[in-house]
Each structure stands twice: as C-alpha cells, then as structure tokens.
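S.K.: Sequence and predicted structure are below.
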Amino acid sequence: MSSKKLAWKQWQPCIAKFAVGYSLVCLALYFQQQRLIFFPNHQLKHTPALYQLEYQDIWIPLSQTGKSERLHGWWIPAKRPDAPVLLYFHHNAINIAANVSQAQQFHKLGYSIFLFDYRGFGQSEGAFPTESQVYEDAQVAWNYLTQERKIAPDRMIIYGHSVGGAIAIDLAAKHPEAAALIVQSSFTSMRDMTKRFGLYWLFPIEFLLKQRFESLEKMKSVQMPVLIITGTKDLQIPVEMGERLYKTAPKFKQLIVIEGGGHDNHLSKRHRQQVKQFIEQVMH
C-alpha cells in the first residue's frame, strides 16, 4: 500500500467524525436558531409600582394560535387622556420588568405606555417564540390598543429597542397610519449580525438562516416619520447599522447619535428631550 493511501485510510475516521459533527451543528443552527436570539425569563423582578406609577395588568388572548394562550402587559396611563401612546417593544432578553425604568422616563414626558411581553417571556403564555410569532404578538398588541382601548392610530408611537426595533419596524411597515416610529440600538438584518459574532462564517448561513429580521429592507416600506437612536460605543450593534437604517427611511426622519452611548435603553435627559421634540413635531 502506498504512503498516500495509508495516510488517507488513517485520516478517514477523523474526516467522517468531522462531517457528522459539522452536519449536526448545521441541523441545530437550522432548527434551534431562535434560542440563539431570544433569552426569555419568567420572573418579574419589578413592576411599575417600583416608581410609584399607576398601571393595569393586561391579558390579551392569542386567538390566532387556536389555544387559550395570552400575552401579558402593563398599561401605564398618562395624566392627559389624549396624550400620545408609546407601544413599546423590548429587547431579546429577560422581560418587561427590565424596561420599567425606561417606561418611567417616557411617562415623565407625558406619554401613556403599553409594555408587553412576547409569548414565552415573563408572564406571557405560549412556547419559545420565533421571528414570525413575535410579529404576530406585535399585531395582537396593536389590535388591543386600537380596538379594545379605542386609541386612534395617529396617537400611536411605535417604539422598539434592539430586537424590539426590528419588531417595531415590521409593524410600522404594516401600519402606515401610526404617528411615528422610533428605533433605538437596532440592527439592519440578522444576516449582517452573524458577520459580527462567533464562527458563523464557517457555516452556510444564507441557507440555514430562518430568523432573518430583514429590517433594512422593510424600512423602505415605512411611510411615517422615523427617529433612529444609536450609540457610538454600542458593543453589540454598531453605530453604522443605525445610520444605514436612517439613510434607508424614506420620509421625514431624524438621527440621534449618542457619543459614548452603549446598547442599554437608558437615555440621558438631553436625549429624552430630543425624543420629546421629535414626538411633538410629528403630533402637530
């Protein structure tokens, strides 16, 4: 037996093991990729009462599932009954309890807030979510505000942070009658995000990726005023992605670049005032 054939025979078991392992990883990435995106937690460590905010526990049926599952949220009313309403979409981890302080900041500006958890997060029922399901949840929340609470769409501000920004963009593209869209620290697409993290370049991501979150493409269809907020020190989502979303938005738009700003959803007093000015502009 030649030395080349002998070497090939010796390497065959290793190559076979690698091929099997590689295939298993590809299968896991294909069927379980939502678990690399969403990190829900069921424990609500805080409620709006932490900040002495009046609020209501809201339960909304997920009728499209055909089951008796419900979404849970908090309605935090403004003092003025005709105040703008922020429909707030939170990021990919924990639950609405991690966003109470942000809600309080906007409530101080005079707005009503509706915070809710996607299915599988917090007290919301249902299985671990996927991209299509969180879009469904966003529509359920919209329907609740416009149909149950009778809030006019032109009083509604769609607000999303991080992955919540992608959900907000999807909803805004479907509902041009809303007053405005505000996107904070969000990305252009999940494909672009895979280029930034881990060893995804080793895999055929274009074929494996199901949870795509094509925000940049959807932004072209948004027909309402848009405010993009991005930070120069965001280690998860680079400022360039926020700038690309801003450039793609077709109508009246504004960009807030926070020098030294990270990925969290806490805005300084100055930047909160900029948000308020934007909302005042679009509501008049």
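M.R.: Alright, I've got the coordinates. Numbers count the residues shown, from 1 in each chain.
S.K.: Quick one: the strands in this protein, in order.
M.R.: 39-40, 56-61, 70-76, 85-89, 93-94, 112-116, 156-161, 180-184, 226-231, 253-258 (DSSP state E).
S.K.: what lines up beside the longest one in the sheet?
M.R.: Each strand paired with strand 70-76, and its direction, by DSSP bridges: strand 56-61 (antiparallel), strand 112-116 (antiparallel).
S.K.: Flag every buried residue along it.
M.R.: 70-76 (16 or more other C-beta atoms under 10 Å). Every C-beta, even on glycine, is put in place using the N, C-alpha and C of the backbone.
S.K.: Could you identify which of the strands paired with strand 70-76 is most buried?
M.R.: strand 112-116 (a mean of 26; mean count of other C-beta atoms under 10 Å).
S.K.: quick revisit: can you tell me which of the buried residues of strand 70-76 is closest to Arg119?
M.R.: Nearest to Arg119 among the buried residues of strand 70-76 is Leu71, at 6.6 Å by C-beta to C-beta.
S.K.: Could you export the strands of the chain as a markdown table, including mean pLDDT and distance to His46?
M.R.: Below are these laid out as a markdown table (pLDDT from 0 to 100; distance: least, C-beta to C-beta, whole Å):
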| stretch | mean pLDDT | distance to His46 |
| --- | --- | --- |
| strand 39-40 | 92 | 16 |
| strand 56-61 | 96 | 14 |
| strand 70-76 | 97 | 11 |
| strand 85-89 | 98 | 15 |
| strand 93-94 | 91 | 10 |
| strand 112-116 | 98 | 11 |
| strand 156-161 | 97 | 17 |
| strand 180-184 | 97 | 20 |
| strand 226-231 | 96 | 23 |
| strand 253-258 | 96 | 25 |
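S.K.: pLDDT at Ser268, what is it?
M.R.: pLDDT for Ser268: 86.
S.K.: Leaving out sequence neighbours, find the closest residue to it.
M.R.: Ile258 (7.7 Å; C-beta to C-beta, 6 or more residues apart in numbering).
S.K.: Verify the stated contact: that neighbour with Gly231.
M.R.: Yes - in this structure Ile258 lies within contact range of Gly231 using C-beta atoms under 8 Å: 4.4 Å.
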